[in-house]
Structures are given as structure tokens and as C-alpha cells.
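S.K.: 3D model of this:
(3 chains)
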Amino acid sequence: MDFKVLRGTLKKELLTKYRAYPMDFFIGNVLTGFYTILGAYMMYKLLFERNMNSSFANLTGTSDYLSYVLVGSLTYLFLVRTCLNVSRSLITELREGTLESLMLAPFRRVEYFLGNMLVQTLTTTMEVMISVLVAIPFGISFQYIHIGSFLLAIVVALYSFFGISMVLGCVMLFTRDTYISQNTLFAFVFLVCGITFPSEYLPAWLRTIADFIPITGVVTLIRNSVLLGKGISEQSTIWINTLLISTVYVLIGFILMQKCEEVALEKIHS
Amino acid sequence: MRSFVKTFAAEIVKQHKNYFYSKTIYISLFLWPLFSFITTYYSFQVFDLSKSKVPYITAENVVVYLLLGYMCMSLFRCLVQSAWRFSFERFHGTLELIFLSPSNRAAVLLGNAVASLFESVIITVVFTVFMLVLKSEALFFKLLPAVIVFLLVIGMAVVWGMFLNSLFLFSRDTNFLFTVLEEPMEIFSGVKVPIILFPLWAKMIAAIFPLTYAIEAVRRVMLYGSSLYEIRIYLLIGILIMIALLIAIMIILVIVEKHIRVTGNITLF
Amino acid sequence: MIIAEHLAKNFQVKVGKGIFREKKSIEAVKDISLQIEKGKIVGLLGINGAGKTTTIKMLTTLLAPSAGTYFMDDMDAVKYPMEIKKRINMIAGGERMIYWRLTAYENLWYYGQIYNVPNSILKQRIEELLALVGLEGKQNIPVETFSKGMKQRLQIARGLINDPEYLFLDEPTIGLDAVVSKELRSHIKFLAQEKNKGILLTSHYMREIEELCDYIYILNDGCLIKQGTARELAADTFNRRNYILKLYEQSDDILARLDHNLRQYDPTTEVSGDGDCISINSSENISLELSRLCTQEGLFIREMYEKEPELEDTIIKLSKEVSA
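M.R.: Numbers count the residues shown, from 1 in each chain, chains lettered A, B, ... in the order given. So this is what the prediction gives:
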């Protein structure tokens, strides 16, 4: 591993972030978290007066609907912010005209993307923590949290986000579009990966698709460790499955990225 | 008057060509609302639908109930988006040229709003067909009130879009205004949870959004089969809102033009 | 005729970050008076930040002046901006200000509509304008695929869509190649001379201003520091004469002897070597003395001439004087 590239990318990204941190973007994200919780709260408290469908508790192992939605939404927020930065890094360089000078340097992509990812993780962690504070008045409880399992889940989550970001980055670089591709992906993930309701409610074919997106596993792992206090060994199959699928994404991402870079560079001159 | 009509028509043609240039716009128009709707539909399955506090939300017609809400919201959203897209004209320098010309500013805003009506109407048609196929038995409506209420919703959406558009002329930071307005509109205007159940503070927020009245009127006509007389209060409020917003738009346009001429912040320099 | 007198523009800007932002007033333009006659081209010169763009925005009614008066053919332009807008247009260099996704024809049609050009003449005018800027045949292609020069030419066509009486050109040739900017310059001349339009032009290129403008205003730091025709300005600023002398043979010794001898006629004379030529600067006409001296010294002259002062030197000199 070339730590120089990693350090260089880290520093550059931190500097640009620090110098031009879009405050309204941050507020927008915190508000999004707040609105999601508020929306869920209104359905739960006002419309159905806490009357859950019995299948919910059977499927999820908890009857704490609000915490369920909160954990799902925050995981989703984490994914969105990571993808927004990592996937868009190369296409941003393309748009700002720095891609060519970057490609001139003989560096490996892994470190470049990892640098991006680390910076993003730092800022997103801050944002998510603030969102958690916002959610506390709604009666969110973390009394059963299994810390070890939770930390491992976060590592797995970052790994899978990284994989998805790489694949999405390829799509963006190839189509030269960020708006449509990212938002379509996000809307789809929000629908199938069990963010606000158990994916078991979905028709079988959609559930199969969901199984091939690592976010489904990640959300389950985080929920199990935070809300149900499940340990690491209790959910070994989900761990292994999620890691395997994520690895597939990472591999596909890196192989495609090389091709897409070439295509993107050619397109500059067309 | 002639120049008003010409500017208005030219604006429609321009915006339409400008935004439907790429076919991917249909993804954002149809696919995203559809995903969002399906997500909400399944979110309702989490609850015991037989215990809802509102009589017309049952396991049978929750789909139609939600579809009506989403249909109205999509109409409004199209116009909010068109206002947001218009704010890019500032960055491209074309807004400055519009202000350089002697064109009627309100005609430009109206043209821009009506341009996205086309998409909005398609969305409504798609939603309606969807609804009829899924659950025609849950619908009890009379044709005349349905048509009138539909026109009212469209009118309100257009004026709302124009209003936001005029606000966007003030500032470069439209993204912020957009996030502040877009999501609360979805939560507080009763798309998912009827406003009757809201606590007072939330009702007060709901009262700000024209969409609130639009959704309520549409649901009453389509689910209860209310007559025009029975929803007269909503028709009245709708028309009053439209008049109030139009007056506000006229005032804002005069202030904006003055403001821009003093501060010069119409473009980036 | 456009008559602007004592125009000034202050901007309120917020300084600092966060809630406690101070309001500060910046004087972008302090005091500018100028006139534009129909059929004439007027130049506006100045280094960056001199207030050129602000002045143009005030003259095009996009900005309201903080002080001063502005009349266009006896109509108060500050009071009736809408009437003024009908009779003017502005062309700025660069690729912005047109809709990239629309075709050239659609762009011109749109602007024609918002200027309320009667439909009966709009079609013909668009075709004429496209021919004028050499875009005929390209009219149905989206602007996106145009080259920089083509986009800029479309800008010019757009600026003429309402057949304006007065035209404001803000750096119209910026970034254009030599051939295209030459064509453009002849268009601008044509518009003033043949179409009797009053034109105000800003540019970074002195040659352009020198070639085109009947009258020139020079701005510095929001104030008018000089005005006149190109010749007047240059001559006025340079009351000293510059001579260039090229010899078949040149050495420090020759330079020293020339310097010594010429100072006897004019003590302020400066002689300096510049590559293979000698440059002589004097307050007097010393051409006769110079040639006589060369004959006396037995120096063979390859070339000798008096150098005309150039506008570029004028600007540089003037802004140095002002800042000194």
C-alpha cells in the first residue's frame, strides 16, 4: 500500500472540505434525518396510535418502530453521503478539468478512493451523531446495544458502501451523469433494502434483488447489534454473506473503473 | 397584452425544449415518485390497518388514499422543481438577459410554470389509470366535481410554482430554500397522515401549504363522493390562496427588480 | 444620443463570516460622465477592477446608479428603464448567456419573442442575423455542439435581435482567434457606420480600441481619468519623443558618445541600448542632430525612425501616474 498517495488524497480532500464546507448541505442532511423520524412518528403515534401489525415484531424481533426507522434512516444517510463523495470524486475531477493531470501521475486507485472515503467517513460520522441527538426526544433507546458487534457492523458497512460507491462511480463516469444515476439508486435502495420496513413485505422477486445489495445485510446487522444486542457469533451467516457480496462489488468496481477512466478520457477529447 | 402572451408562449417552448432535451428526465418524473409511493405503501403495512383512527383508511383502500396524496404532491413537486431549475438561469447568465429585455416578468414565470404542467398532467393520468386498475371499487366520485377539483389543484400548483420562482429570484442560495420547503410539504400537507389528526402546532404549519387544501379536497371528492357544494369551503380557500399568491408575486417582482438593480447580484461577479 | 453625467455606484457588501457580518460600502464607480452618439463607436478602457462592467450595467439599466443622471435621446433612463430596454442590447464575450440545449434558431426566436419582435419580421431577421455572423446552415444544431467562436457569434446575433439603437459590447472578442475577431471588428464598424447604431465597447485589446473607436474614455478606480480620440490621448500623454536607431555596428562606447553629445542639445535626453537597436528619448525634436552626429562619427545607419506613441503605453503610463 502506498501511504503517500493515501496521505496526499486525505490532505487534499480535508483541505477542500474544510475550506468550502457547504453549511446548507449539512443542515439539509440533518433536516432530512429529522423529517424522516418526524414522518414515522406521525404515522406511529397519530394515525395508528402505536398499533403495529403483529407480523412486524415477528419479522424484526422488536416492537420499537421508531428506533427501527431511525437506525435504518441513519444507515441510509451514511450510504448516501459516502456515495455522494466517493462516487463523484472522479467525475468531479473530470468536470473541474483535473482528471487528466491526475491520470498523468502513476498512482494506484485504491489509495485515492480510500483517502476520499476516510474524509467522508469523518464528516458523515459527525452528521449522523447530530441526527441521533435530534432523534432522542422522539424516544429512541439504545439500552440493548452490543458495542463490539456494533463496531464490527460499522466496519462491514463502510466496506460495502465503498463497493457500491465504486460501482456507482463507474456508472457516473461512463454516463457523465450524477443526478439521475445517484438518485435512482438511492430511491431504489430506500425501497428494497429494508430501511423503513422489513423487506419481507416485498414481493419475492424484489426481495431477491434486495439480497444482492449489501445494504440489506448491513442494515440488518446494525439493527441487530444496536436494537437487539445480538453478538458477533449469533449472526455469522449475515456477516459472511454481506462481506462476500460487498467484495464482489469492490472487485467489479475496480475492474470497471479502469475501463471507464479510459472511456472518460477519450470522451474529453471528442 | 400581446407581448405578455408572446413572452408566455415563448417561455413555455423554451423551457420545454430545454428540459426535455434529455429523455432521462422521465426517470426523475415517473420512476422516483413511483419508488417513493411503493415505499410508503409498504411502510403502511407495518401497522395494524384495522386500527387506524381515520375511517377511510382501511387495508382495502389505503392504496387509493395514498395514491391520491402522492398524485397531488407530484403535481406540486413538478412545479417546485421547475422553479428550482429556473434558478440555474442565473448561473448561465440568461436570467440577466431576461432582465435586460423589456419582457413582462410575470409572463416569464407563468410560462415556466405552465411548461412543466405538461409533465404534471401526464403524471396525473398515469396515477389515475393505475388507481382505476388497482382499486376501482374504492372510488366513489362524480365526474363534475372530479374535473373541477382537478383544475383547482392544477391552478394552485401553477401559482405555487410561480410564487417560489419569484422568491428564488432574490437569492443564489436556492438549494437551502428548496430543502426547507420540499420535505416539510410532504410531511405536513397530509400526504401520509391526514391533518385532522395533527396537534395544533402541526396544523398551523399545514395551513401554510396550499397542497394541504388540494389533497383534502381531492380525497373528499374521490373517496367520499362529495359534491361541489360539500367541498365549497375548499374551493373558496383554494381560490383565495391563488389570488393572494398572485398579488404577492406581483409585489415580489417589483421588489426583486428594484433589489437587483441596487445590489447587482443577478449574476455571479 | 446617450448622455450620462456623474454616474456613481455604491455596493453594500457583507464582510466577515457568521451572524456578525459588517456591512461595508464599496464604491465601484465614483464619478463617470460620458456620451454616446448614434453612428459612433465609443471605447471604455481601464485595467481590471476599474469599473468598466459596473458602468456598462448601469448604462444597460441592469443596475440603478447611486447618483448621477442618465438620459437616452432626452428620456430619463433611470426613471424609465423599461422604455430604455426596448432600444438597447448588450453583448458580452464568453459562452454563457445562451441556452445550450436549444438550437441557434430557437435561441434567437426565444429572445425575439421576449423583445416582442413582430412575428412577421422575426423569421427574416433571424435569417439575416445568422447570415451576418456566418451561422447559416448551422441554425438547427443544438448550441452545445458549437465551438467557442460559434457560440460567441451567436451571442452577437442575439444582441441584435431587437434591432437596438444602442449596443453595449463587453469584451466581445475575448478568447476568439485572430480571424474571427477581425471579422467581428468589421461587423462592429459596419453596425456603426452603415446602420447608424451608437456603440459602446470595452476591451482588453488596445489595438481593437485604437482601430474601432471614434472616442475613448479611460477609467481608473471608478473615475474617468482621460478622454479623447486615440491620437489625442496618445499624443497628449507623451510629450516626449522616442527615436529608434539601428546601426551596422553597436558598442557601449558608441552609446556613451551618443549620450554625451545629444545631452548638449537637450540635457534630459536618455540613450539606452535595447538588443540590436538604440532607443533615444528626448523632449525636443532631435532627429536632425541625431543624423548629423552619426555622419560625424562615421556610423552607418541601418534604420532610424520616430516611434508613434501607442495607446497601450498610454494606459500603462496613466495608471502608473495615478497610483504613484
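S.K.: what about residue C:257, helix or strand, and which?
M.R.: Using DSSP states H and E, residue C:257 sits within helix C:252-262.
S.K.: Export that helix to CSV, keeping only CA atoms.
M.R.: The C-alpha coordinates for helix C:252-262 follow below in CSV (Å, rounded to 0.1, in the frame of the first residue of the first chain):
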residue,chain,number,x,y,z
ASP,C,252,28.9,50.6,-25.3
ASP,C,253,31.4,53.1,-26.4
ILE,C,254,29.1,54.4,-29.2
LEU,C,255,26.2,54.6,-26.8
ALA,C,256,28.3,56.7,-24.4
ARG,C,257,29.4,59.0,-27.1
LEU,C,258,25.8,59.5,-28.4
ASP,C,259,24.6,60.1,-24.9
HIS,C,260,27.3,62.7,-24.2
ASN,C,261,26.8,64.6,-27.5
LEU,C,262,23.0,64.6,-27.5
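S.K.: and residue B:147, how far is that from residue C:201?
M.R.: When CB to CB, to the nearest Å is applied, the distance between residue B:147 and residue C:201 equals 58 Å. C-beta: built from backbone N, CA, C; applies to glycine.
S.K.: With residue C:12 instead?
M.R.: As for residue C:12, its distance to residue C:201 is 30 Å (criterion: CB to CB).
S.K.: more neighbours, these two?
M.R.: Neighbour comparison, residue C:12 and residue C:201: the larger count goes to residue C:201, with 26 against 10 (by other CB atoms under 10 Å in any protein chain shown).
S.K.: which residue ranges form the helices in the stretch 1-150 of chain C?
M.R.: C:52-59, C:81-87, C:104-114, C:119-132, C:148-159 (DSSP state H, counting those that start in this stretch).
S.K.: What of the stretch 51-200 of chain A?
M.R.: Going by DSSP H, counting those that start in this stretch, the stretch 51-200 of chain A shows helices at A:54-60, A:65-96, A:99-104, A:109-135, A:147-175, A:179-192.
S.K.: Please convert the ones you listed to JSON lines, extending it with mean pLDDT.
M.R.: Below are the helices of the stretch 51-200 of chain A laid out as JSON lines (pLDDT from 0 to 100):
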{"stretch": "helix A:54-60", "mean pLDDT": "88"}
{"stretch": "helix A:65-96", "mean pLDDT": "84"}
{"stretch": "helix A:99-104", "mean pLDDT": "74"}
{"stretch": "helix A:109-135", "mean pLDDT": "81"}
{"stretch": "helix A:147-175", "mean pLDDT": "91"}
{"stretch": "helix A:179-192", "mean pLDDT": "90"}
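S.K.: Please identify which of those helices is closest to residue C:151.
M.R.: helix A:65-96 (18.8 Å; CB to CB).
S.K.: tell me the contacts of the residue in the stretch 1-150 of chain C that chain B sits nearest to?
M.R.: Closest residue of the stretch 1-150 of chain C to chain B, CB to the nearest CB: residue C:113 (3.2 Å). By CB atoms under 8 Å, 6 or more residues apart in numbering or on different chains, the residues touching residue C:113 are B:6, B:7, B:9, B:10, C:122.
S.K.: Recalculate using a threshold of 6 Å.
M.R.: By CB atoms under 6 Å, 6 or more residues apart in numbering or on different chains, the contact list for residue C:113 reads B:6, B:10.
S.K.: Also residue A:267?
M.R.: No residues are in contact with residue A:267 under the rule CB under 6 Å, 6+ apart.
S.K.: gap between it and residue A:100?
M.R.: 12 Å.
S.K.: Can you give me the end-to-end span of stretch C:256-269?
M.R.: Taking CA to CA, to the nearest Å, stretch C:256-269 runs 12 Å from one end to the other.
S.K.: Show the average pLDDT along it.
M.R.: For stretch C:256-269, the mean per-residue pLDDT is 87.
S.K.: Tell me the buried residues in it?
M.R.: Using 16 or more other CB atoms under 10 Å in any protein chain shown as the test for burial, stretch C:256-269 gives C:258, C:261, C:262, C:266, C:269.
S.K.: Widest-spaced pair of those?
M.R.: Most distant of these, by CB to CB, are C:258 and C:266, 12.7 Å apart.
S.K.: can stretch A:166-183 be found next to chain C?
M.R.: No - figure legend: stretch A:166-183 not in contact with chain C (CB under 6 Å from any CB of the partner chain); closest approach 12.7 Å.
S.K.: I meant stretch B:97-106, not that one.
M.R.: Yes - for stretch B:97-106 and chain C, the contact criterion (CB under 6 Å from any CB) is met by B:97, B:100, B:101, B:102, B:103.
S.K.: Output the helix or strand containing the first one in CSV with nothing but the alpha carbons.
M.R.: In this assignment (DSSP H and E), residue B:97 forms part of helix B:94-100. What follows is helix B:94-100 as a C-alpha-only set of coordinates in CSV (Å, rounded to 0.1, in the frame of the first residue of the first chain):
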residue,chain,number,x,y,z
THR,B,94,-29.6,34.0,-19.2
LEU,B,95,-31.6,35.4,-16.3
GLU,B,96,-29.6,38.7,-16.7
LEU,B,97,-30.6,38.8,-20.3
ILE,B,98,-34.3,38.3,-19.5
PHE,B,99,-34.0,41.2,-17.1
LEU,B,100,-32.2,43.2,-19.8
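S.K.: angle of the following helix or strand past that helix against helix C:104-114?
M.R.: Downstream of helix B:94-100, the first helix or strand assigned by DSSP H and E is helix B:105-115. Helix B:105-115 runs at 130 degrees relative to helix C:104-114, counting by axes from the mean of the first three to the mean of the last three CA atoms, to 10 degrees.
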